[in-house]
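Student: Have a look at this fold, sequence not included:
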């Protein structure tokens, strides 16, 4: 745990802490009571506490089912009115659970907590938070419980923030309240150097930079949605990812520091949920790639890595284009590609679902050389063939054979992290 | 159906109608679809429609159960936050059901609809309605669906209105919007001259005055809570009680008219849920009755009829005091009486649960003489003994033996209504 946070705690200086608990943590009345006990411990330290909660697990799905029983594509405005009840139920129950153990608490809906969003229903963006009411209730000695995932427009329409919305509520509230700490409680106890179910030696990271967290999030480490991390980065909100099931310290996510740069590789991830498409013999002239990926985008196929090599062959210059995408999108993508066949005279199309994307992430790569070389050498020693390579400033990803994915991941973890 | 309402409908002048549907009418998605179809018919006439709905039946009880799982006596503020989700769920689903049949509709919570209440949680009183938002959405061509039973304080706290709250929302909205008609849909198709399950000849009333409705409501005709009728009377809101299960015209509740006075008895009711306590030999001096009924009131015993006769006996003047109360309160009342025994030296206490309260109601009584005489004579002819009598300007109630209650009710109905 970093020094700053320990210092505040041990010196008993009153801190303002925002805690967020997800749907599983508040999944029934017993779990809500457990969350109340956990919150109570922090309260006993003399800290001011704001708690952000999600809907009880299963509640949101039930509400969606009710709506779809009536109409397959219900209005997004009305879905927001409907789904917002989920978190509103949890805030009241958690307030009651705190009262039951003698602690003063009040619940606030997103609207009541001053969370103002744009009017894009089901995926609204937070525009502004007026924390006046939250501050008033805190100053009266209350734990303030805020409904995650929801807000209202300036005209008073109920909105919801979409996937990962409760994390976003917590981080945005922490920014608006100038909180000393924001804790995201989840069912994992932090961010690991690799998936501990695969790599036995995986270590929990004490801290990680926003950029590293973003890369890890987009690489399939399911801890948090990228948008919450981006928001935290933008407003400099330091947050901690930790477990609601134990007392272990979690992982602090913060701005990159000098000391972080000493660590070359922060984490290793393996994404098994990707497929690959290769178009062989694509005419090498301007606008062709744009046409392909525009068409895929229009069909909402989310393309990840794209690799194009130099022209080859004789006669008309042609190239091969490979790209990866989410496995469930493969069929949709193939249809798009087929529809382009007449317009763009490419050769054959090769698809593969048996690939894995192995990545290493670390801000230290910026100032270290030879990282890629060491990665490729390690893979070669394991007999793993590299099919595609893609790099960013703080990340190297390679596409390899799925069957060798876990073996490769363990080797890379051992080589860089130990 | 009274002329005024028919005229508006047939002349196709655009009217503003407030409709209220209770929990049973919206109890599942199929029933919500039925309500949508019903609303659509009115909309097809070109009328502007505001629909007030309750929580789906069972939902409120489930929420209460969740809260009581956590704490037996949960905070009233938090219960309001919790229970308000029930109606919020229904409004969204009904809006979606209207969209599904191609009708433009928006939902509004009590707060969004501008319903401002005092801060007495779980039984708040409506202080004011700002109908601006409702008007705006109506003017845009929407059916506006408002969550019943709920509002917010001027400070933005969520409140609920207590039992019968959705009826009150409908009537108060009708007043604020200057609606042409307010329809309360329920599972009975109007107000009857007597309970049709007991009196086969009972007739549905085409219209009834507020005062008659109030007396009938307080006499056990379970159609509506008194407070909603009082509110309607205060603001002159004409409303119709009718069934959501058929197309029958209901009963119009309105200010008393000259023509109503021609009818002496509007309805006959029998309340079987009362008990009687008689205190024999109560010292006849100032303050004694006050002491007794103050103590009962403090214990939240709801006393209905009170009869005290002139002093009798020798020595210290003493009297007998009898009163009726709800049967479930009998034990509680007896404890209160016992606790007063030392302070007020009364004689014995007689209680009875085998009584019925038979009442006749009608604004015509004001201008007709001999009504009481005819009632008592009819009962005498049936061999029914009268234990207590209580009268108001438009009502005569008698307490009789429970076993003869239904026989007496039929005889009185036949004598006055036929």
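Tutor: Right, received. Where do you want to start? Every value quoted in this text rests on a predicted model; they were computed, and no experiment measured them.
Student: Name the helix or strand for residue A:68, please.
Tutor: helix A:59-70 (DSSP states H and E).
Student: Does chain B have contacts with that helix?
Tutor: Yes: residues of helix A:59-70 are located near chain B by Cβ under 8 Å from any Cβ of the partner chain, namely A:63, A:66-67, A:69-70. For every residue, glycine as well, the C-beta is placed using N, CA and C.
Student: Which two among these are spaced furthest apart?
Tutor: A:63 and A:70 (11.6 Å; Cβ to Cβ).
Student: Against residue A:287, how distant is residue A:318?
Tutor: Distance from residue A:318 to residue A:287, counting by Cβ to Cβ, to the nearest Å: 15 Å.
Student: Those two: which has the busier surroundings?
Tutor: Between residue A:318 and residue A:287, counted using other Cβ atoms under 10 Å in any protein chain shown, residue A:318 has the larger neighbour count: 19 against 9.
Student: neighbours around whatever residue of the stretch 101-250 of chain A ends up closest to chain B, how many?
Tutor: Relative to chain B, the nearest point of the stretch 101-250 of chain A is residue A:107 (5.1 Å; Cβ to the nearest Cβ). Residue A:107 is flanked by 33 other residues according to other Cβ under 10 Å.
Student: any idea which helix or strand carries it?
Tutor: With DSSP H and E as criterion, residue A:107 is part of strand A:105-108.
Student: Tell me the helices and strands packed up against that strand.
Tutor: Using 3 or more Cβ pairs under 8 Å, 6 or more residues apart in numbering or on different chains; DSSP states H and E, the elements in contact with strand A:105-108 are helix A:76-100, helix A:132-139, strand A:143-147, helix B:76-100.
Student: Mind listing the strands that strand pairs with, and their directions?
Tutor: Sheet pairing for strand A:105-108, assigned by DSSP bridges, gives strand A:143-147 (parallel).
Student: ok now the strand it pairs with, how far from the chain's centre?
Tutor: Relative to its chain's centre, strand A:143-147 lies at 23 Å (Cα atoms, centre = their mean, to the nearest Å).
Student: Same question for stretch A:119-129.
Tutor: On the basis of Cα atoms, centre = their mean, stretch A:119-129 is displaced by 18 Å from the centre of the chain it belongs to.
Student: What of stretch A:91-105?
Tutor: On the basis of Cα atoms, centre = their mean, stretch A:91-105 sits 30 Å off its chain's mean C-alpha point.
Student: for stretch A:68-78, same thing?
Tutor: Distance, centroid of stretch A:68-78 to centroid of chain: 27 Å (Cα atoms, centre = their mean).
Student: One more: stretch A:323-335?
Tutor: In this view, stretch A:323-335 has its centroid 22 Å away from the chain centroid, taken as Cα atoms, centre = their mean.
Student: Identify the residue nearest residue A:242 in space, chain neighbours excluded?
Tutor: Closest residue in space to residue A:242, ignoring its immediate chain neighbours: residue A:250 at 2.7 Å, by Cβ to Cβ, 6 or more residues apart in numbering or on different chains.
Student: where do the helices sit along the stretch 201-350 of chain A?
Tutor: Here the stretch 201-350 of chain A has its helices, by DSSP state H, counting those that start in this stretch, at A:210-218, A:226-235, A:288-298, A:330-340.
Student: got the angle for the helix holding residue A:68 vs helix A:76-100?
Tutor: With axes from the mean of the first three to the mean of the last three Cα atoms, to 10 degrees defining the directions, helix A:59-70 sits at 150 degrees from helix A:76-100.
Student: So which elements touch helix A:59-70?
Tutor: Counting contacts by 3+ Cβ pairs under 8 Å, 6+ apart, helix A:59-70 packs against helix A:76-100, helix B:29-44, helix B:76-100.
Student: would a markdown table of those with distance to residue B:236 be doable?
Tutor: Formatted as a markdown table, the helices and strands packed on helix A:59-70 follow (distance: least, Cβ to Cβ, whole Å):
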| stretch | distance to residue B:236 |
| --- | --- |
| helix A:76-100 | 32 |
| helix B:29-44 | 22 |
| helix B:76-100 | 26 |
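Student: picking that back up, the strand holding residue A:107: what's the following helix or strand?
Tutor: From strand A:105-108, the next helix or strand downstream (DSSP H and E) is strand A:115-117.
Student: how about that following strand against chain B, any contact?
Tutor: No: counting by Cβ under 8 Å from any Cβ, chain B is not contacted by strand A:115-117; separation bottoms out at 13.2 Å.
Student: Name the SS class of residue A:172, please.
Tutor: Recorded secondary structure, residue A:172: helix (DSSP: H, G, I helix; E, B strand; the rest coil).
Student: For the closest residue to it other than its chain neighbours, give me the pLDDT.
Tutor: The shortest distance from residue A:172 to any non-neighbouring residue, by Cβ to Cβ, 6+ apart, is to residue A:126 (4.9 Å). Here the pLDDT value assigned to residue A:126 is 95.
Student: wait, what's in contact with residue A:126?
Tutor: Residue A:126 makes contact with A:115-117, A:151, A:161, A:168-169, A:172, A:231, according to Cβ atoms under 8 Å, 6 or more residues apart in numbering or on different chains.
Student: again, but for residue A:371
Tutor: Residue A:371 makes contacts with A:264-265, A:360, A:365, A:396, as judged by Cβ under 8 Å, 6+ apart.
Student: now swap in residue A:76 and tell me
Tutor: Residue A:76 sits next to A:121-122 when contact means Cβ under 8 Å, 6+ apart.
Student: For chain B, see how far away it is.
Tutor: 11 Å (Cβ to the nearest Cβ, to the nearest Å).
Student: Tell me how far that residue lies from residue A:141.
Tutor: In this view, residue A:76 and residue A:141 are 39 Å apart by Cβ to Cβ.
Student: Residue A:245 now?
Tutor: 29 Å.
Student: So for those two, which sits in the more crowded spot?
Tutor: Per other Cβ under 10 Å, whichever of residue A:245 and residue A:141 has more neighbours is residue A:245, with 16 against 11.
Student: which ones are touching that one?
Tutor: Contacts of residue A:245 by Cβ under 8 Å, 6+ apart are A:187, A:189.
Student: Also residue A:246?
Tutor: Applying Cβ under 8 Å, 6+ apart, the residues near residue A:246 are residue A:189.
Student: try 6 Å
Tutor: Neighbour list for residue A:246: empty [criterion: Cβ atoms under 6 Å, 6 or more residues apart in numbering or on different chains].
Student: Residue A:304 now?
Tutor: Residues in contact with residue A:304, defined by Cβ under 6 Å, 6+ apart, are residue A:324.
Student: number of nearby residues for residue A:72?
Tutor: 8.
Student: ugh, typo on my part, it should be residue A:40
Tutor: 17.
Student: can you check residue A:37 too?
Tutor: 12.
Student: mind checking pLDDT for it?
Tutor: pLDDT, residue A:37: 96.
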